[in-house]
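Visitor: please work out how this folds:
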Amino acid sequence: MSSLRLGSIAPDFEAETTQGPIRFHEWIGDSWAILFSHPGDFTPVCTTELAEVSRKAPEFAKRNVKVIGISANGLQDHAKWIEDINDFGTKFLGPTNVQFPIIADADRKISTTYDMLDEQDATNRDAKGLPFTIRTVFVIDPKKVIRLTIAYPASTGRNFDEILRVVDSLQLGDKYRVTTPVNWKKGDDVIVHPSVSNEEAKTLFPDVTFHKQTYLRTTPLKAE
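Guide: Next comes the predicted model:
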């Protein structure tokens, strides 16, 4: 299949998860979704990540975002792994209780569909020689469109504060015809989208600033 890109429709699939069987598009419903993969169960970096995602559950819910993990193991391993995640997270991060589903993908079928397999690192393989997934993140909007992809090497844990920041930027842009500048965080000034004329900008954003660079107009967003 062709590579998935920003703007592609996220492939639908059926899967067994720790919370029962799902059809992916149906599971997303009218929410945003984050699909994030793991090289395998009982791996140290993954354990810290899943604990952190669990800890941030209220932040994802606040943004109407559902999270779902995927790992190249079966449900029995997933269930045992969740016990480890909850134990580690509670001791080192704070109360941890994994409530989001984790997809069982031992045959790598979904990982292959989403091009999440590590074909380069010969050490990132199971006992049968099958490649594990790399740390991939997909942010998918309610129309099932892929809005963000990030791929990390197996050795590097993800920054979920950054992923939340991107979700904030995407949702803001969809609602208000703005973009966000470098290092933007929620509450900072934003950039008026190039498709908005100067006259429109004055109406839509009364506090807009027109800069010497005529293509660059910034504004606080009080309506946020």
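
Visitor: these two touch, right, Trp201 and Val208?
Guide: For the record, residue 201 is Ala, not Trp. Yes. Ala201 is within contact range of Val208, at 4.9 Å (criterion: Cβ atoms under 8 Å). In short, each C-beta sits where N, CA and C put it, glycine included.

Visitor: shared neighbours, these two?
Guide: 192, 217, 219 (Cβ atoms under 8 Å, 6 or more residues apart in numbering).

Visitor: ok, and the closest non-adjacent residue to the first one?
Guide: Sequence neighbours aside, Arg217 is the residue nearest to Val192 in space, at 4.2 Å (criterion: Cβ to Cβ, 6 or more residues apart in numbering).

Visitor: ranking helices and strands of the chain by mean pLDDT, which lands last?
Guide: helix 109-113 (a mean of 90; mean pLDDT, DSSP states H and E).

Visitor: and the contacts of that helix?
Guide: 1, 11, 13, 15, 37, 70, 72, 103, 105, 117, 133.

Visitor: can I get the buried part of those as one PyMOL selection?
Guide: Per 16 or more other Cβ atoms under 10 Å, the buried members of the contacts of helix 109-113 correspond to this PyMOL selection:
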select buried, resi 15+37+70+72+103+105+117+133
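
Visitor: narrow the contacts of helix 109-113 to those in strands?
Guide: Of the positions in the contacts of helix 109-113, 15, 37, 70, 103 sit in strands, assigned by DSSP state E.

Visitor: which single one of these is nearest to Lys80?
Guide: Using Cβ to Cβ, the shortest approach to Lys80 within the ones in strands among the contacts of helix 109-113 belongs to Ile103, at 16.0 Å.

Visitor: contact partners for the nearest residue to that closest one once chain neighbours are set aside?
Guide: Leaving aside its sequence neighbours, Ile103 sits nearest to Ile70 (Cβ to Cβ, 6+ apart; 4.0 Å). Taking Cβ under 8 Å, 6+ apart, we find Ile70 in contact with 15, 35-38, 102-103, 105, 110-111, 116, 133.

Visitor: change it to 7 Å
Guide: 35, 37-38, 102-103, 105, 110-111 (Cβ atoms under 7 Å, 6 or more residues apart in numbering).
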